[in-house]
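In: Test case, fold it:
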Amino acid sequence: MGADIVVPSFVLPKAQEASIVSVVRAIREPEACWPRELLDLPLLVGRSRRSRLVLLADRDAVRTVLFDQGQRFEVPRSMRRAWSQEGGGRHSFLFMPEETALHRPICSSFLDVRRLDALVQTCESVVERAASDTRAFAERAATSLEAEIGRIVLASFWRHLFRVDDSQDLSPEVLQLLSRADGILRTGGTQHPLEAITGLASIGLQEYFSPLDPEIFAGLGLQGYADELLRAAVGDNARVLLATSNETTASAITWALWFLASDRDLQDRLRAEALNARRKGDQSGLIETKALMNECLRLLPPAAVTSRRSVVEQELCGAALAPGDWVVIPFYVLHRHRSAWQEPDRFRPERFMPASEGSLLRGAFYPFSAGPFACGGSRFGWRMIVTVLASLLCKWEVQHMPDSQTPCLDMGRILHPRDPIKLRFRHCG
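Out: Numbering: from 1, shown residues only. Here you go, the predicted structure:
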């Protein structure tokens with residue numbers, strides 16, 4: 001059993017105190033717009049100035065919306081534009097998801113599933129480099145843990161994306177750009193450091209790897225596209241992949257370390273598991289580590305909400321929808337819904353252990369969303385989360401600071417702690 005930990009949670013209002021008046025507020029302001037009654041109900045209906053707005057928590061209805069191919073629901077172009085602007089990619093898969101014939105080969109060349117094992121080696125190497133100066137690493141983690149984890153994640157993903165050899169030292173320019181690109185994690189702000197992301201993508205494409213390299217391009221089947229469009233699509237997709245890689249992954253690892261600092265017995269078990277996996281060179285034994293990560297993603301999903309817009313007149317879970325009406329899916333609520341989970345607000349990693357996984361209800365857990373707009377790099381993100389966490393535990397013990405308190409939550413582009421999480425790291429490897 002997990003320790004009896006006070007889990008970071010939103011303080012949700014009563015229904016009569018909630019203000020569901022706009023889709024932007026319904027996405028960005030849970031503590032004003034998500035009535036606590038939704039934790040027991042399939043949906044609640046509000047109204048903005050122009051349309052009806054449904055907060056949806058029914059498992060079957062959520063699955064219907066997420067897996068729709070555009071016949072009944074759409075991601076509005078304004079939201080696609082916001083997603084792509086955060087990564088600097090008007091010609092990316094986020095802004096033009098219908099252009100799968102163009103984007104899929106490009107993204108698959110960057111995220112080649114045959115190289116998942118290489119990603120593990122890269123993550124382990126980057127953690128080793130980051131922790132080589134034990135005092136400096138501990139000081140950085142004690143200042144802002146998510147920023148330090150963000151640097152590790154971004155450096156790992158940049159090396160992997162552009163196939164930079166693990167033994168190669170990075171140039172001062174790349175190190176500077178990596179430092180600037182993780183600024184969002186220190187500030188919790190709403191503007192991504194796009195200049196640094198663009199610089200990292202440009203160096204990677206020019207000096208290391210590009211899908212437009214003749215040997216790679218010949219096998220992508222993209223010969224019919226104009227050169228200008230191809231260059232724009234490659235550059236924008238590279239930027240989007242970099243921009244979206246570090247925040248969600250670093251957030252998940254940061255929360256995992258926070259929970260482990262609260263449960264020393266669990267931390268010791270996971271350290272033993274990680275050391276054993278490293279000796280064997282096989283991650284299949286990281287069973288409890290994976291259960292912990294799933295529980296972290298359940299309680300504190302980085303992508304805590306998504307939304308769609310109805311494109312036809314229809315009924316959803318008993319609610320009548322007209323074209324233009326909004327459906328907001330708060331994964332945070334779905335992951336703590338009283339109809340789906342026992343003790344939903346408790347930290348219980350054992351619910352994801354093999355002996356218990358058969359009791360999990362279908363459609364109750366979406367750590368990477370689902371359907372055509374699910375996270376395309378989820379396999380890489382999951383492998384990176386598990387590898388970085390295990391690598392850190394091989395080297396460090398984590399403890400709370402003497403004045404540590406349960407973090408308050410905030411919703412920017414992702415769910416994150418309102419103030420930086422600070423942990424004490426003690427070298428043990």
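
In: Starting from the helix or strand bottoming out on mean pLDDT in the chain, tell me the next helix or strand along the chain.
Out: Ranked by mean pLDDT, DSSP states H and E, the weakest helix or strand in the chain is helix 183-187, scoring a mean of 44. Using DSSP states H and E, the next helix or strand after helix 183-187 towards the C-terminus is helix 194-207.

In: Could you list the residues in contact with that following helix?
Out: 87-88, 158, 161-162, 164, 173-174, 177-178, 180-181, 183, 234-235, 238-239, 242-243 (CB atoms under 8 Å, 6 or more residues apart in numbering). The way it works is simple: take the backbone N, C-alpha and C, and place the C-beta from them, glycine included.

In: Now list the buried members of those.
Out: 87-88, 158, 161-162, 164, 174, 177-178, 181, 234-235, 238-239, 242-243 (16 or more other CB atoms under 10 Å).

In: Dump stretch 241-256 to CSV, keeping only the CA atoms.
Out: C-alpha atoms of stretch 241-256 as CSV (Å, rounded to 0.1, in the frame of the first residue of the first chain):
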residue,chain,number,x,y,z
LEU,A,241,8.1,17.8,-31.2
LEU,A,242,10.8,19.6,-29.2
ALA,A,243,8.4,22.1,-27.7
THR,A,244,5.9,19.5,-26.5
SER,A,245,8.4,16.9,-25.3
ASN,A,246,9.8,18.4,-22.2
GLU,A,247,6.9,19.9,-20.2
THR,A,248,4.6,17.0,-19.9
THR,A,249,7.5,14.5,-19.4
ALA,A,250,9.3,16.6,-16.9
SER,A,251,6.1,17.3,-15.0
ALA,A,252,5.3,13.6,-14.6
ILE,A,253,8.9,12.8,-13.4
THR,A,254,8.8,15.8,-11.0
TRP,A,255,5.5,14.6,-9.4
ALA,A,256,6.9,11.1,-9.1
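
In: got the buried residues for that stretch?
Out: Applying 16+ other CB under 10 Å to stretch 241-256 flags 241-256 as buried.

In: so which of the residues you listed comes closest to F10?
Out: Nearest to F10 out of the buried residues of stretch 241-256 is W255 (CB to CB; 14.3 Å).

In: Pretty sure N246 sits against A155.
Out: No - taking contacts as CB atoms under 8 Å, N246 lies outside contact range of A155: 9.2 Å.

In: so which helix or strand takes in the residue nearest to the spatial centre of the chain?
Out: Nearest to the mean C-alpha position of the chain, by CA atoms, centre = their mean, lies T248 at 2.7 Å. Assigned by DSSP H and E, T248 belongs to helix 227-262.

In: Next one: R114 from L102, what distance?
Out: Noted for R114: a distance of 22 Å to L102, by CB to CB, to the nearest Å.

In: Help me confirm that H416 is found in a helix?
Out: No - H416 is assigned strand when assessed by DSSP: H, G, I helix; E, B strand; the rest coil, not a helix.

In: count of neighbours near it?
Out: 26 (other CB atoms under 10 Å).

In: is it in a bridge, and if so with what?
Out: D410 (DSSP bridges).

In: Do me a favour and get the end-to-end distance for stretch 139-152?
Out: Length of stretch 139-152, first residue to last, CA to CA, to the nearest Å: 15 Å.

In: and what of stretch 111-122?
Out: Note: stretch 111-122 ends 14 Å apart using CA to CA.

In: same question for it, mean pLDDT?
Out: What stretch 111-122 shows for mean pLDDT is 92.

In: That stretch: how far from the chain's middle?
Out: Averaged C-alpha coordinates place stretch 111-122 at 18 Å from its chain's average position (CA atoms, centre = their mean, to the nearest Å).

In: Low-confidence ranges, the stretch 101-250 of the chain, go.
Out: Across the stretch 101-250 of the chain, the ranges flagged by pLDDT under 70 are 182-193.
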